[in-house]
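**Q** Below are the sequence and a predicted model for it; my questions follow.
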Amino acid sequence: MAEILILAEHDGGAVKKVTTELLTVARELGEPSVVWAGPGGEEAAGRLGEFGAAKVYIADSPDFADYVVAPKAELLAALAREKAPGAVLVAASQEGREVAGRLAVKTGWGVLTDVTGLSADLIAEQPIFGGAITVSSRACSGVPIIAIRPNAIAAEP
């Protein structure tokens, strides 16, 4: 079972809802591993475990407080080289999409954004034309980096 890296969205030690949604999706794909950048990871580990996190990688450094995305993209790239994940999941937030783009540049992997559904074989559903049409997509190069739209998937412990 492949490890699935998930970039946690949080406010200090408080896990944001979108992170629990990403964990719900990741459980269907492989072994969920949360990447926590910044303070509060130890306090959040129990909550992340409730939603299926098998591992929590915590990187607490002033860099994560001083800079928004560059250190997170570098952290994910380093973990991805070491762990060879089956996929990388991020929230389709402004920050998450920026991290995904930077990670794709560092790794050469494909990115799918604004995903509203994801099958076990990593085929993504994406609404286009203002939601009038839904398409199915797959990343064609390397490990897929998938930005899932908040509130698109119900979080289940």
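**A** Nice, thanks for sending it over.
**Q** Please name the bridge partners of Lys55.
**A** Ser33 (DSSP bridges).
**Q** these two touch, right, it and Ser33?
**A** Yes: using CB atoms under 8 Å, Lys55 is in contact with Ser33, at 4.2 Å. No exception for glycine: its C-beta is placed from N, CA and C like everyone else's.
**Q** between the two, who's got more neighbours?
**A** Neighbour tally, Lys55 and Ser33, criterion other CB atoms under 10 Å: the higher count belongs to Ser33, 20 against 15.
**Q** Assess the claim that Pro56 and Gly40 are in contact.
**A** No, residue 56 isn't Pro; it's Val. No: checked against CB under 8 Å, the pair Val56 and Gly40 is beyond contact range at 11.1 Å.
**Q** which residues are common contacts for Lys55 and Ser33?
**A** Residues touching both Lys55 and Ser33 (CB atoms under 8 Å, 6 or more residues apart in numbering): Glu3.
**Q** can you pull the buried residues of the helix or strand of the chain with the lowest mean pLDDT?
**A** Here the helix or strand of the chain ranked lowest by mean pLDDT, DSSP states H and E is helix 62-66, holding a mean of 80. Residues of helix 62-66 classed as buried by neighbour count (16 or more other CB atoms under 10 Å): Phe64.
**Q** Who are the packing partners of the following helix or strand past that helix?
**A** Following helix 62-66 in sequence order, the next helix or strand is helix 70-83 (DSSP states H and E). Helices and strands touching helix 70-83, by 3 or more CB pairs under 8 Å, 6 or more residues apart in numbering; DSSP states H and E, are strand 3-7, strand 31-37, helix 62-66, helix 94-107.
**Q** secondary structure class for Ala26?
**A** Of the three states, Ala26 takes helix under DSSP: H, G, I helix; E, B strand; the rest coil.
**Q** give me every residue that touches it.
**A** Counted by CB under 8 Å, 6+ apart, Ala26 has contacts Ile4, Ile6, Pro32, Gly52, Ala87, Leu89.
**Q** Need the residue in this protein that's farthest from the chain's center.
**A** Ranked by distance from the centre of the chain (CA atoms, centre = their mean), the top residue is Ala132, with 26.0 Å.
**Q** low pLDDT regions in this structure?
**A** Scanning the chain for pLDDT under 70 picks out nothing.
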